[in-house]
Each structure stands twice: as structure tokens, then as C-alpha cells.
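> predicted model and sequence follow; I will ask about them next.
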Amino acid sequence: MSREDITLLKESLGKEELLRTLDDGEYAKTGFNYRSQATHDAIPAIAQIYLDRGYFLEMLTCLDRLADDEIFRLVYAFNRFDRCERHALDIDLKPTQAVATISQIHRSANWFEREVCEMFGVHFDGHQNLKRLLLPEDTDFHPLLKDFGRIEDAP
Amino acid sequence: MKPRKDAAALLDGETYFLNMGPQHPSMHGVLRLLLRLSGERILECEPVIGYAHRAHEKMAENRNYQMFLPNTSRVDYLGGMIYNLAYCQAIEKMLEIEVPERAEYIRVIVSELNRISSHLLWFGTFLLDLGGITPFLYTFDDREEILNILDRVTGSRLTYSYGRFGGVTQDVDQEFLSMSTAFIKRLRTHFSEYHKLVTGNVIFQGRCRGVGVISPDMARTYGVTGPCLRASGIPYDIRKAEPYGIYDRFDFDVATRNEGDNFARYEVRLDEMEQSCRIIEQAIANIPEGPIMPAKPKKRFKIPAGECYFAVESPRGLMGYYIVADGSDIPSRIKLRTPSFSNLSSMVEVLADTMVADTIAILGSIDLILPEVDR
């Protein structure tokens, strides 16, 4: 099962501390079979390994935790078609920190990253086309930030 | 007078842009495709989306868990029942609420009816896109029957809010069950009609076979799911891969094809309707008597800090709710992972190097719901 993939992931990266295992995900409760946390510069290598091992990127989103921990948390979910193997990967970013894009590795990340960028203002280094996706082109605000306020306050 | 250069020579080596949509007569909803063309060949395609963005994810953070319930069926108005029940199931998972047996069976029946109605609408509009108006009239007749059945029990025709945390709002009666049984019988006799009318048609075959091929690798890297993925030979169905509710009790097959073209997607959806009929039959045969809600339903739902990802098989593929709770009765974040969003993103590659005339056929075969893409 995933144990092998995780071992391989750690060996390929060479540095154990880049990928920190949080827990076994508790599938019955959270829907994730496995959960890990990585530093922001490790993501392209990790994404490549997931792709090579037959996984697809199911979801990528962001959580605004600025109020509590002064971080953005990116949540990547990788899964497989042949068996249920949903792995969550968390990356914590400081408010102004950028993260490398994986849109050249998993094509589905292209739009996911554009959406995170417009909704939260997180920048993805190396993305070919990081313009607005769902909002008008000239939008200069990030509506899913907690300090944006209520939806009625939108300009 | 100088001789006029003919049009082909003028265009030789030149490229130009064509906006297809957002108000194109055969475009589904408000999608705009920015096409770079050389003659009639598409060199590049950029889908421009967001015209139907209603900020559902932001709305979720402005209201409590119950108040978000009506939003869910509006995300995908053709698979509203499945979206609505999936949200309830996600919350039930977080709060560890037991759902009564009868409610579980009702959920399966209404979900599968909803899936058939979505596929029937797709069938009709897909053929409409290809220029055949008659099949549309046939499938809408069948679909109307489903809407009547669901209207009887839920009170709505499209945007159902039938689910509740722990069960469903209304019990079904014997009349509902016999109407469903009669409908399945009727639909089965119509399948052969559909095949006679459409499947063997030479023009239809010409516009579908070998057109818009999605390879298994392409499907994986773009996160394509649902009938589009199964038409590329990968038997991935959430009802089998991680059975939710009581789907593990039913005997049904996952429809697949290997070609990955428009025709394969068409065949997969037709097969799926038959499989849904099988599931409904088994559910009707085994539905027990009993309550449809837990004995003491809660009035106020405060969800302990934590998170949950819950995926279901919508008519278009993998639909996931990622819910983050902070201990209050208002969600901290709800991310909607919608299948059409990822399926549409693959068009960048699928439409490249095809002819303009095939664009509508390919898009039609993908079965896009734009409100679901834009959320």
C-alpha cells in the first residue's frame, strides 16, 4: 500500500525533514488515507514522484490561517484511479512567501493554482499564465481572505 | 484591375483569433473559448470561464451549516440531488450521525433517478448540438417523467433540498415506488428506440468516432473523471472505489470503453443509465420500513474543529466536499471539487489540432455544466 510510496518519496527526496508525516490520516474520519507536511520548496519533486507512481492531483486549495498562525496552508490531495489512496499534503506559507508551481507536472494544477492565486493572493513561481480565472481580469482583491469581510461587502 | 488573391492564399501562414461564446447558440451555458486558428484548424484553445461565478465557497463562510444546504443543489443544477445528499453525508461523517436504513435506500433511489435524468438531458442536448432535433424531444419526454416522480416527493423539479443531516425531509409512499418501477420498465423499452434513432446513424458516427480522443495519461494529468474517464478505459467510479452510503450492497457494473472518443463517451453514458436502473430496482426490492430521520434530530449543529473530505460520483464525475470546521456552527472553509472544472481544463489539449466544426461535438460529449465549473 501507500507505505511503499511514502518510503520511496522520502528516499527520492533524500532529506527526511522535507516531508514530515503527520498521521495516518484516519480515513474513516477525514477521508484522507495519509497526511504529510512539506516545506514550500519540496513540492515540485514530490508532485513528480506522485505523477510517476500513478497518482493524479484530485484537489488543490488554500486555507487562510493568518488570524491564528499567520500562515496560508496549501492543501494538495493526490489520489489513484485503481484503488482509493487519497494523500493530503500540507504546505504552510508565510503571508508573502511564494511557492513553486506544479502546473507543468500535473496539468490540472494550472487552473487550481490560478484559482488559489486570485482568491487568496498566493503567488506560484514559474506558472505560465497566472491571471484571474473566475473573477474579472482587473480584480484587485482576494475575496476568500478572512479579512475581506462578508460577501455583501464586495465592491 | 488586379486579380484578387483567393482567401486561402490570404490566410496562408497567417493565424487569427475566434471567440466562441460566451453567447454562442450551441455553447453550453456561458463558456467562452478563445481559439487561435489557421484556416479552420485550431492551433490553440483557451477556455475563459467565470461568467457564472456566484461565490458559493465565500457564501459558505457567511452562514451556518444548515443554511448552506440550499446552495449545494445550485452548484450543479442537473445533479442537484446528488450534490445535496453528498453535503449531508459529509456533515454526517463529521458529526458521526447514524442515518436510518430507509433513508439510505431512499437516497440511493432518488440519486440514481437524478443521474438518469441528467444523462437523458445530456443525450438530447448533445444530439441537438450535432444538428439532430428529434432525439431531444424523445429524451425530454422520458426526463419529464423523472422530474414528476421527484417533484412528488421533494416538491422541486431541479434544485432539490431533499436531504437533511441524518436523513431526508419526506418519506416516500407506495405510489412513488410503483411510479419508479413503471418508469424503469418504460425507459428500457425506449433504449432500443434511442439506438435505432441515433447510434447507427452515419452522420452521428462520422462526427463521433475518432473525434476528441482523451488518452488515459491525458485524463490522469488533467484529473478527468466520470464518464469521460471511463470512456478512456479506466474503470474509476467512486461508488465502487470508496462506496459511500449503502452503495456496497448493490450489484452493478462500471461501464467502460477503450477508445476515449466522443462515441465512447456516448456509449458509456447509455450503459450507465441501464446500470442506474439496476440499482434502483434492487433498492426498491429491498427498501425496509422505518424512520427516515434519527430519533432526536439536532436543531443546532456545531462541528468540532477538524476537517473532512467526502467524495461522491456525480453524473459528471468525482465531486468532493472539503470541509474545514473550527468548532462553531459556521464553516471555516468549504472547497467544492467539481468534476466539470477539471474535465474542461483538459480541453486545452484535446481541442488543439482539431477542426473548428468538431469543437461543439467534442464539448457536447464532455457534458459540461458551467455553473459547476464557475461555482
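Looks like it arrived, so ask away.

> the helix or strand hosting residue B:313 pairs with which strands, parallel or anti?
For residue B:313, the host element (DSSP states H and E) is strand B:306-314. Take DSSP bridges as the rule and strand B:306-314 pairs in its sheet with strand B:317-325 (antiparallel).

> next, the buried residues of the strand it pairs with.
Residues B:317-325 are the ones in strand B:317-325 that count as buried (16 or more other Cβ atoms under 10 Å in any protein chain shown). C-beta: built from backbone N, CA, C; applies to glycine.

> send the alpha carbons of that strand over as CSV?
Extracted as CSV, the C-alpha positions of strand B:317-325 are listed here (Å, rounded to 0.1, in the frame of the first residue of the first chain):
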residue,chain,number,x,y,z
GLY,B,317,-17.5,12.5,-12.2
LEU,B,318,-15.7,12.9,-8.9
MET,B,319,-17.4,15.5,-6.8
GLY,B,320,-15.8,16.3,-3.5
TYR,B,321,-16.6,18.4,-0.5
TYR,B,322,-13.6,19.5,1.5
ILE,B,323,-15.0,21.0,4.8
VAL,B,324,-12.9,22.6,7.4
ALA,B,325,-14.6,23.2,10.8
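
> average pLDDT across it?
When the per-residue pLDDT values of strand B:317-325 are averaged, the result is 92.

> now stretch B:48-68
89.

> first to last residue in that stretch, what's the distance?
Using Cα to Cα, to the nearest Å, the end-to-end distance of stretch B:48-68 comes to 28 Å.

> do the same with stretch B:246-258
Counting by Cα to Cα, you get 29 Å between the two ends of stretch B:246-258.

> and the contacts of it?
B:104-105, B:108, B:227, B:230-237, B:239-240, B:264-265, B:267-268, B:271-272, B:275-276, B:278-279, B:282-283, B:286 (Cβ atoms under 8 Å, 6 or more residues apart in numbering or on different chains).

> quick one: buried residues of it?
Neighbour-count burial for stretch B:246-258, with 16+ other Cβ under 10 Å as criterion, is recorded at B:247, B:250, B:252, B:254-257.

> repeat for stretch A:77-84
A:77-81, A:84.

> so does it get close to chain B?
Yes - with Cβ under 8 Å from any Cβ of the partner chain as the criterion, chain B is reached by stretch A:77-84 at A:77, A:81-84.

> just these: which are in strands?
residue A:77 (DSSP state E).

> and residue A:55, what's its pLDDT?
pLDDT recorded at residue A:55 is 90.

> residue numbers of the stretch 201-350 of chain B in contact with chain A?
Of all the residues in the stretch 201-350 of chain B, those in contact range of chain A (Cβ under 8 Å from any Cβ) are B:220-223, B:229, B:234, B:236, B:241-242, B:306-311, B:318, B:320, B:322, B:324, B:332-333, B:335, B:337, B:341-342, B:345-346, B:348-349.

> going through these, which ones are buried?
Neighbour counting with 16+ other Cβ under 10 Å marks B:220-223, B:229, B:234, B:236, B:241-242, B:307-311, B:318, B:320, B:322, B:324, B:332-333, B:335, B:337, B:341-342, B:345-346, B:348 as buried within those.

> just the helices in chain A please.
Counting by DSSP state H, chain A has these helices, from start to end: A:2-13, A:27-30, A:43-52, A:66-69, A:109-120.

> give me the below-cutoff pLDDT ranges for chain B.
In the prediction, chain B carries residues with pLDDT under 70 at positions B:1-13, B:25-27.

> max-length helix in it?
Ranked by residue count and defined by DSSP H, the top helix of chain B is helix B:101-129.

> which neighbouring elements make contact with that helix?
In terms of contact count using 3 or more Cβ pairs under 8 Å, 6 or more residues apart in numbering or on different chains; DSSP states H and E, helix B:101-129 is assigned the packing partners helix B:80-95, helix B:134-154, strand B:167-168, helix B:174-194, helix B:262-286, helix B:356-366.

> pull out the buried positions in the helix or strand following the fourth one.
Following helix B:174-194 in sequence order, the next helix or strand is helix B:202-208 (DSSP H and E). Neighbour counts using 16+ other Cβ under 10 Å place B:204, B:207-208 of helix B:202-208 among the buried residues.

> could you redo the residues you listed as TSV and give each row distance to residue B:115?
Conversion of the buried residues of helix B:202-208 to TSV gives the following (distance: Cβ to Cβ, whole Å):
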residue	distance to residue B:115
B:204	23
B:207	25
B:208	22
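
> tell me the one of those residues nearest chain A?
residue B:208 (24.3 Å; Cβ to the nearest Cβ).

> for the closest one, what are its contacts?
Shown in contact with residue B:208 (Cβ under 8 Å, 6+ apart): B:261-263, B:266, B:361, B:365.

> can you list the residues you listed in CSV and add distance to residue B:161 and neighbour count?
Output for the contacts of residue B:208, formatted as CSV (distance: Cβ to Cβ, whole Å; neighbours: other Cβ atoms under 10 Å in any protein chain shown):
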residue, distance to residue B:161, neighbour count
B:261, 38, 20
B:262, 35, 28
B:263, 37, 21
B:266, 32, 23
B:361, 35, 22
B:365, 31, 27
